[in-house]
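# Have a look at this fold, sequence not included:
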């Protein structure tokens, strides 16, 4: 009987189960649709005021977003709407009240925190130590905005800026008087003019470069990156640009006022720097060519330490060019106010040191002498005597250059199998070099970085820059000249901007998990190591556009991000733009701080769409200057 009853009830149970299953599925689908509709409509109609007010560019409490120079740049028909998908959880509303940061006094309009002349006087003058980086302690940091001088104007656009700058932007006549004979700079009414002259090329950098080009090939694409030590106003680098050679120029902040500031105002790459006791902040094998035109560096002294440092950053097969003392000393000795014997001895010592570095002298003609570094160290190592100096270093940490002391031993080159092989591998010619896989990646020097990752990175940044052009139309119209990438990765951002009339200072934060700066130089771009808990080695108002990709997430637990933002404000020109990429939570924090810094900003969706948790904050520094009658 039991079996019979079970047989009768089994189909009925099956029908009940099927009905129940269908019912559950229907209820789930209905709940999902209602939830999605309710979340979307409620967010659009009544957005969370705690977050929504942070996305506005004005202090008005209107519900409708106001258009600023950044907000109006977003694509038409694409209103900002990230709150529908991402809410800031656990963020204290009181912490969003912006701190109103006041302006510093006018006398600080050219303040360079880590190169302050007053602080520098406390350090020894021996070996130029007082002109190295000496940053203020935490308690001495300025919590104010560095003002632009009265009547500050936007710089001339490139290429006019190479030859002209507004006097009011850099009100210093000293160089026009002191270097008048050498044709560095001239004052013409309300502007400076840069004839392109230099100490050793009073007839112009262009003619001087032509003289170099007659001795070594400058236009075949093999030479792309150059280093100019003691650059003056960087005219050598300025006129190399039209030959597709980009130069990292540096000069100390010294008695010649604002040399590097003039260079950057012209739209030419430059940094404040000096060859003293620390390595210059660039990786090994970075530059195809290095140059010194009466840069006053004692190459033959201190066991040849400074020329050894040039050897470290020079690529295998790279050139070193020297003009000025002691070259052509028979002609110039009286003008240099030195004896012929003294100058001859200096040149002999430089020649001897170059031989011990295994360099070959290519040519000496008139005021120019050029040496070439070997393509590998096989012959150099085999021919050296046991006690010959400088020795080849035992350390392989040749790229380390952030607050690391110079050495008097030769930085070793990567191993090769034959005397004809280029150490570290040969590079493609420019411009193919920009997208060719860098040797540091193909040789496996960077753990975990593959060819596929490099190619994907290039594709990613090409897509991102296309999106940036929609957010910020001036990017494609020559509005920005001096661009900085605060965490440059493999240099994909710079590569994606190649077709525009700008250059990028690619910064690799000291302490990064992977050191990519060598890769960036192998691609034909320039950059430097830096720790963003300190000020950058530049003058105020020297960059038009700054890009910060997850920089603040990296530094959140390392130092106060307010001071990083104040440093960005210091180096950003009035009406300059910043692009931040980070999480919503971090961007809201950044926006809250910048509201008190006279910036206008707008949070935008990620290029992949509104559902990506990473967002983009576009900020513009508004135009303001110090008052002319401000009390000092």
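Alright, I've got the coordinates. Note that the structure is predicted; figures quoted are calculated from it, not measured. Numbering: from 1, shown residues only.

# residue ranges with poor pLDDT in the stretch 1-150 of the chain?
1-97 (pLDDT under 70).

# repeat for the stretch 501-632 of the chain
Using pLDDT under 70, the stretch 501-632 of the chain drops low at 629-632.

# what residue lies at the spatial centre of the chain?
residue 505 (2.6 Å; C-alpha atoms, centre = their mean).

# Let me know whether that residue touches residue 264 as I believe.
No: assessed by C-beta atoms under 8 Å, residue 505 is found out of contact with residue 264, at 9.7 Å. Backbone N, C-alpha and C define where each C-beta goes, glycine included.

# Can you work out which residues contact both of these two?
482, 543 (C-beta atoms under 8 Å, 6 or more residues apart in numbering).

# Would you double-check that residue 454 falls in a helix?
Yes: read with DSSP: H, G, I helix; E, B strand; the rest coil, residue 454 is one of the residues of a helix.

# Counting neighbours, what do you get for it?
Neighbourhood size, residue 454 [other C-beta atoms under 10 Å]: 22.

# and if you look at residue 524?
Applying other C-beta under 10 Å, we find 28 other residues in the vicinity of residue 524.

# and it, how far is that from residue 588?
38 Å (C-beta to C-beta, to the nearest Å).

# do residue 148 as well
28 Å.

# same question, residue 608
For residue 608, the distance to residue 588 equals 20 Å [C-beta to C-beta].

# now swap in residue 332 and tell me
62 Å.

# contacting residues for residue 498?
431, 434.

# Tell me which helix or strand residue 206 sits in.
Assigned by DSSP states H and E, residue 206 belongs to helix 205-213.

# what's the offset of that helix from the middle of its chain?
28 Å (C-alpha atoms, centre = their mean, to the nearest Å).

# picking that back up, which one of residue 608 and residue 588 is surrounded by more residues?
Just comparing residue 608 and residue 588: by other C-beta under 10 Å the higher neighbour count belongs to residue 588, 21 against 11.

# tell me, how many neighbours does residue 218 end up with?
So residue 218, with other C-beta under 10 Å, has 21 neighbours.

# Pull the contacting residues for the residue nearest to it when sequence neighbours are not counted.
Nearest non-adjacent residue to residue 218, counting by C-beta to C-beta, 6 or more residues apart in numbering: residue 243, 5.6 Å away. Listed by C-beta under 8 Å, 6+ apart, the contact set of residue 243 reads 209, 213, 218, 219.

# And residue 486, by the same measure?
507, 509, 532, 546, 547, 548, 549, 551.

# Tell me the secondary structure at residue 528.
Under three-state DSSP, residue 528 comes out as strand.

# That one contacts residue 505, doesn't it?
Yes: Residue 528 lies in contact with residue 505 (C-beta under 8 Å); the separation is 6.9 Å.

# Now for residue 192: which residues touch it?
164, 165, 166, 167, 170, 176, 185, 186, 262.

# Using pLDDT, spot the least trustworthy of the residues you listed.
By pLDDT, residue 176 ranks lowest within those, coming in at 60.

# where does residue 610 fall, phi/psi-wise?
phi -70, psi -10 (degrees, to the nearest 10).

# And the one 5 residues further on, by the same measure?
Dihedral angles of residue 615 (phi, psi; degrees, to the nearest 10) stand at phi -130, psi 180.

# who's in contact with it?
Residue 615 touches 82, 86, 581, 582, 583, 584, 587, 603, 604, 605, 606, counting by C-beta under 8 Å, 6+ apart.

# Next up, the contacts around the fifth one.
If you count contacts by C-beta under 8 Å, 6+ apart, residue 583 has them with 553, 613, 614, 615.

# Kindly report the same for the last one.
Contacts for residue 606 (C-beta under 8 Å, 6+ apart) come out as 612, 614, 615, 616.

# now, which of these lie within strands?
When DSSP state E defines the strands, the subset of those inside them is 614, 615, 616.

# which stretch of helix or strand covers the closest residue to the residue nearest to the centre of the chain other than its chain neighbours?
Closest residue to residue 505 apart from its sequence neighbours, by C-beta to C-beta, 6+ apart: residue 484 at 4.6 Å. Per DSSP H and E, residue 484 falls inside strand 482-485.

# what distance separates that strand from the centre of its chain?
The answer for strand 482-485 is 5 Å, by C-alpha atoms, centre = their mean.

# The helix or strand immediately after that strand in the chain - contacts with which helices or strands?
The first helix or strand that comes after strand 482-485 along the chain, using DSSP H and E, is helix 492-496. With contacts defined as 3 or more C-beta pairs under 8 Å, 6 or more residues apart in numbering; DSSP states H and E, the packing partners of helix 492-496 are helix 451-471, strand 482-485, strand 503-509.

# chain center to helix 492-496: distance?
12 Å.

# Which positions in it come out as buried?
Within helix 492-496, the residues that qualify as buried are 492, 493, 494, 495, 496, counting by 16 or more other C-beta atoms under 10 Å.

# what lines up beside the strand holding residue 484 in the sheet?
Within its sheet, strand 482-485 is paired with strand 503-509 (parallel), strand 543-549 (parallel), according to DSSP bridges.

# for this structure, which strand is longest?
From DSSP E, the single longest strand across the chain is strand 572-583.
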